[in-house]
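Structure for this input, please:
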Amino acid sequence: MRSWLHQIRGIFLTTANFTRAAKEAAARENATPIELVEIDDIITLLIEERLGVSETKALKLDLAFFKPYSRT
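So this is what the prediction gives:
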């Protein structure tokens with residue numbers, strides 16, 4: 001992969017996680033720098049920059065309240 005980067009910089013995005021081997025390859029000394037960006041980092045960036053996301057209020061059910069009304 002590095003051969004086509006021509007000593008610039010590489011950024012790879014994934015909607016998953018990079019393997020240990022990929023992380024080691026990206027951190028290799030004396031090579032074109034490659035930044036690996038995983039899904040958690042992408043989500044954090046979207047939230048921080050408010051890109052394509054909006055804040056909502058969530059409600060949580062108190063299941064203990066409904067237990068006396070359950071048939072099981």
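
right, and residue 36 touches residue 20 too?
No - applying Cβ atoms under 8 Å, one finds residue 36 not in contact with residue 20, separated by 11.3 Å. To be clear about C-beta, it is placed using only N, CA and C from the backbone, and glycine gets the same treatment.

Looking at these two, which is more packed in?
The residue with more neighbours, out of residue 36 and residue 20, is residue 36; 18 against 8, by other Cβ atoms under 10 Å.

contacting residues around the more buried one?
Counting by Cβ atoms under 8 Å, 6 or more residues apart in numbering, residue 36 touches 12, 14, 18, 22, 23, 26.

which residues sit in contact with residue 37?
So residue 37 contacts 11, 12, 13, 14 (Cβ under 8 Å, 6+ apart).

brain fart, residue 38
Per Cβ under 8 Å, 6+ apart, neighbours of residue 38: 14, 16, 17, 18.

for residue 42, same thing?
When contacts are counted by Cβ under 8 Å, 6+ apart, residue 42 touches 13, 15.

Just the pLDDT at it, thanks.
Residue 42 is assigned a pLDDT of 91 by the prediction.

Distance from the chain centre to the helix or strand where it lies, please.
Assigned by DSSP states H and E, residue 42 belongs to helix 39-49. Put simply, helix 39-49 sits 7 Å off its chain's centre (Cα atoms, centre = their mean, to the nearest Å).

what element comes up after it heading to the C-terminus?
Where DSSP H and E defines the elements, the next helix or strand beyond helix 39-49 is helix 63-66.

what about that following helix, average pLDDT?
pLDDT averaged over helix 63-66 gives 93.

Could you give the separation of that helix from the chain centroid?
34 Å.

Can you pull out the low-pLDDT segments for this structure?
Filtered on pLDDT under 70, the chain yields the residue ranges 1-7.

run the last query once more with 50
Within the chain, the stretches with pLDDT under 50 are 2.
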